Each structure stands twice: as structure tokens, then as C-alpha cells.
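>>> sequence first, predicted coordinates after that:
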Amino acid sequence: MREEADQLAWLARELAAAAEASPEPLLRRLPSLPGDALEAEKRLTHAHGHLRAGYLQAMAARTSLRWRTPATGRMERFPGSDFRYDHAYDRQHAPQGLEARLGNIFPHRAHAAQLCASGMSALHGALQALATLGDERPLFALASYFETHTLLKLSSYANRWRRPDDSAELAAAIAGGECGVALIEPVQYDWLLGDCDWDAILAALARSPRPPVLLLDSTLSGGCPRWASILSKLIDSPAPLVLCARSGLKLDQQGLELANLGVQEGWSSDAALLARFSRAARAARVVSGSGVGWEQACQLAPSFVLHSACLEDYSRRIFASARRLRGEVALSGELFAQTVPPAGGWDVPFVFYRLRDGGSDAYRQLAALLEAEARRRGLSWQMSGSFGFRSDRFETILPDEYGKFTPGGVLKVAAGCYQGARFEAILDLLNELASFDTLAQARQAWKAN
């Protein structure tokens, strides 16, 4: 708890510096902490929301006078930098002050980076740009996220993409020269949290008569050192172009969601090929309005945004909480069938628990039961989608809601970035829930309390 209080004081100063304002108004939003640990953490949860609101209000005072289509020649300085901007209208804005933070961590390869309005728009722009490079071979997607599948169905690859069953099938397609683009999620967003056999992919790339472009969605991997190691090997492989797209909304922003953000980076030993791709991707961003506008760029000005060490540290703390949620909830009753372990020992920022009797009604009842019991115990435990928040959240995902690669439903608990009294109370609640044999038994026992 004390660590989170110190972190919020640090964030208040960083946010104030970005707004080029005194930190005192934001620091005054931080609460005094009572002796009751649960109440103290409730105040801290409210406080980081108030910090966010105060900062965005301060930044709005700076940005609101600039029109979406500003007067020609009117230059604006990006907060905390010497970058000055002059664009005809907002969707033309190229956030150089932010993109400069995405330095080339593999300097022996040419590098290009651009920021987009979301992780999905970063992926969409990459697909649009790849379609201009002239390779008519199909795209193989070892990926399970339902929106990625929707995106592919709407893209120029709509009639020439397929989902391999596993890494072996993808490796065979690469080795045979059949694959033009290999889209891979290092940890797949399905209810098995499957991974990729990278040794097989690297061996296939080495054998391929015509290696594919690699397009990697690393959203779930955050600042994981293991992912950086794998990426280094892929960049040194025969793949002509290695692209990474990810959401930058949570883990890159210390869980504050200051503004929507997607990150797209590329590396190649062929600088001319990378330049062709980058020009097309930037054109796609401008004409589709899927970039980061002036107002959003300013909201993202704090120095911790897109800072690799901050990303790694925040991800590490989220992953540590998730490991405890996965390892310290004992399924001693019959209610739950499984705590889903990520394949290959990967870290992920959330935990899946699967009911033994997993119909839609059961997951709806489970959500209502958890909300009521958390409220009865005085826990500020919110139900919401996504992951990477500063405090723990949960949601229930109904069977078949996301398509055939995510059959059945799950209880998803998104880990927070610190482990205080509320975290321990959530562990106690989940362990008690997992000791029951049925939802009816849990409901009766908790109602009696």
C-alpha cells in the first residue's frame, strides 16, 4: 500500500511536469491514509482516477484553443520538447514528439515506427501497407483474438488468409514458401492461452526459399524480457520485414488510460523495403484518420509514456500479481474445472478460471454473485473488460462470445500492479468461491453471511 502511495506521488509530479504546471494541485488530490488497510486502498484507487482527471483537465486548458483545422502556419510546441507542429488538419498530425521515444533497440537493422489511435488501427495500417508490396501469397494467422479475425475478413487479405491449427502447420507453410505474411500472437488470446513454437518458426525461416513478412501482435507480452529475446532472433532471421503492433493504452501508460494509443514498429536489413512499407503505412494512417491527433498526443506527453524501462517495470508488477492469482487459488471444490496456465510458461496480465458447468446463464450468475459478494466485503473490485489497470478487475466472458477459437466461457481476473490488503482479500474470496461445488451452494453460503 505504501508503495502505491509513493507511486501515485511520483505520477502526480510526472503528470504536472507534462502539463508544465505546479505539482501541488495534483498532489493535493492524494488522500491521507487511515489505519484500516482496505479503506486506505479504496482511497488510493479513487485517487489515481482523480489524478488522471485533474491532469486531463489541465492539459485540456492548453489544447482546447487549437482548432482541429488550425490556421495555416500556426506552430505549436509539443509539451516538454522542442518539437513544433504545423498541420493542415488533425488527421495529418504526425506525433513526432512521441514517436521519437521509440528508439531503435536493434541498431544493426533499419527501423521505422509510427503511432496510431489503437492497437487494432496499428494492425490495420500494417495490413493495408503490406498489401501494396505486391506479394500475392496468403496470410497465415496463428492468432485467436476475435477482432483480429474480423479485421482480416475486412482487409485485402479477406480471401487469402487462413488460420493454421498449430505452429507445425505454420512452420510447414513458411518452409514451403507458401506463406506471404505470418501474423502471430506470441501468447494467443484464446481460452488455452496457447503459444508459438519459435524454434520451429526460426528453422522454417532458415529453410524457406521465400521467407514471409512477420507481423507480430505483442499486446499481451508488455515489457516481458523473454519477448525481447525472441524478437531479437526474429529480426536476425531471413524474414525480409519484421513488424510489431500492440496496444499502448494500459501498460505503456501506467494503467491510467490517458489517451487511446497503438504502436507499430518495423525492422529490416533492406532499408528500401522498410521505407516503402513505412510510406504506405503513414499514408493509410492519414487518409483513414487512425492516427494520434494533437490533443491526444499532448495527453500522452508524460515522460513515462512509451518509456521502455517504465513499461518493463509496470508489466513486471502486473505479471507478479497474475502469477499469485494463478498459483494461490486452490480449486478444492467442484465449481471450477480449471485455472488456465499460459502455454510455454509465459507471463500474461490476467488469469482465466473455467467453470465446470459453463453455460451462459452460469457465467451471468457468477458475475452477479461476485459483484454482490465484493460489495458485501467492502472491496472496490470493479467488473470491466481489458487488463493492465492499477487495481484488480474482473469480467465473465460468455461461451462462444468470441468465436470458435474461444469455445466455452471464462472468468477473467485482470491483475493490478500492487499486492495490498484488497489483493489478499480478493485471493481469499476466490479461494472460498473455488471451495464450493456449485454456484447455488456459494450463493446460499454467502447469503447466510
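Great, that's in hand.
>>> tell me the contacts of residue 148?
Residue 148 sits next to 120, 123, 141, 183, 185, 217 when contact means CB atoms under 8 Å, 6 or more residues apart in numbering. (Glycine included, C-beta is placed from N, CA and C.)
>>> need those residues in CSV with neighbour count, distance to residue 442 and secondary structure, can you?
Shown next, in CSV, are those (neighbours: other CB atoms under 10 Å; distance: CB to CB, whole Å; DSSP: H, G, I helix; E, B strand; the rest coil):
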residue, neighbour count, distance to residue 442, secondary structure
120, 20, 37, helix
123, 28, 40, helix
141, 24, 39, strand
183, 29, 41, strand
185, 22, 34, coil
217, 27, 36, strand
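>>> tell me how many other residues crowd the nearest residue to residue 414 once chain neighbours are set aside.
Setting aside the residues directly before and after it, residue 414 is nearest to residue 387 in space (CB to CB, 6 or more residues apart in numbering), at 4.0 Å. By other CB atoms under 10 Å, 24 other residues sit near residue 387.
>>> was I right to think residue 387 contacts residue 250?
Yes. In this structure, residue 387 sits in contact with residue 250. The criterion is CB atoms under 8 Å, and the distance is 6.7 Å.
>>> where do the helices sit along the stretch 101-250 of the chain?
Secondary structure of the stretch 101-250 of the chain by DSSP state H, counting those that start in this stretch: the helices cover 119-130, 146-154, 167-175, 198-207, 225-235.
>>> deepest of those, which one?
Mean neighbour count, computed with mean count of other CB atoms under 10 Å, is highest for helix 119-130 among the helices of the stretch 101-250 of the chain, reaching a mean of 24.
>>> that one packs against which elements?
Contact here means 3 or more CB pairs under 8 Å, 6 or more residues apart in numbering; DSSP states H and E; on that basis helix 119-130 packs against strand 110-116, helix 146-154, strand 213-217, strand 242-247, strand 262-268, helix 271-288.
>>> now for those, which one comes closest to residue 410?
Shortest separation from residue 410 across these is recorded for helix 146-154, at 13.4 Å, computed as CB to CB.
>>> what's the mean pLDDT across that closest one?
Regarding helix 146-154, the rounded mean pLDDT is 94.
>>> and the angle for that helix with strand 242-247?
Angle between the axes of helix 146-154 and strand 242-247 is 120 degrees (criterion: axes from the mean of the first three to the mean of the last three CA atoms, to 10 degrees).
>>> low-confidence ranges, the stretch 201-350 of the chain, go.
Within the stretch 201-350 of the chain, no stretch has pLDDT under 70.
>>> circling back to that earlier point, quickly check the contacts of residue 148 for the two that are furthest apart.
So for the contacts of residue 148, where distance means CB to CB, the most widely separated pair is 120 and 141, at 14.1 Å.
>>> need the contact list for residue 417.
4, 7, 254-255, 314, 317-318, 321, 389-391.
>>> so how far is residue 12 from the closest residue in space to residue 232 that isn't next to it in sequence?
Nearest residue to residue 232, sequence neighbours excluded (CB to CB, 6+ apart): residue 106, at 6.6 Å. Applying CB to CB, to the nearest Å, one obtains 35 Å for the distance of residue 106 from residue 12.
>>> residue 223 too?
For residue 223, the distance to residue 12 equals 23 Å [CB to CB].
>>> between these two, who's got more neighbours?
For residue 223 versus residue 12, neighbours defined as other CB under 10 Å are more numerous around residue 12 (24 against 21).
>>> host element of that one?
Assigned by DSSP states H and E, residue 12 belongs to helix 2-18.
>>> that helix - contacts with which helices or strands?
Taking 3+ CB pairs under 8 Å, 6+ apart as contact, the helices and strands that helix 2-18 lies on are helix 24-27, helix 37-63.
>>> pull out the buried positions in that helix.
4-5, 7-9, 11-12, 14-18 (16 or more other CB atoms under 10 Å).
>>> residue 352 in helix, strand or coil?
Three-state call for residue 352 (DSSP: H, G, I helix; E, B strand; the rest coil): strand.
>>> what about it, how many residues nearby?
The burial count assigned to residue 352 is 21, neighbours taken as other CB under 10 Å.
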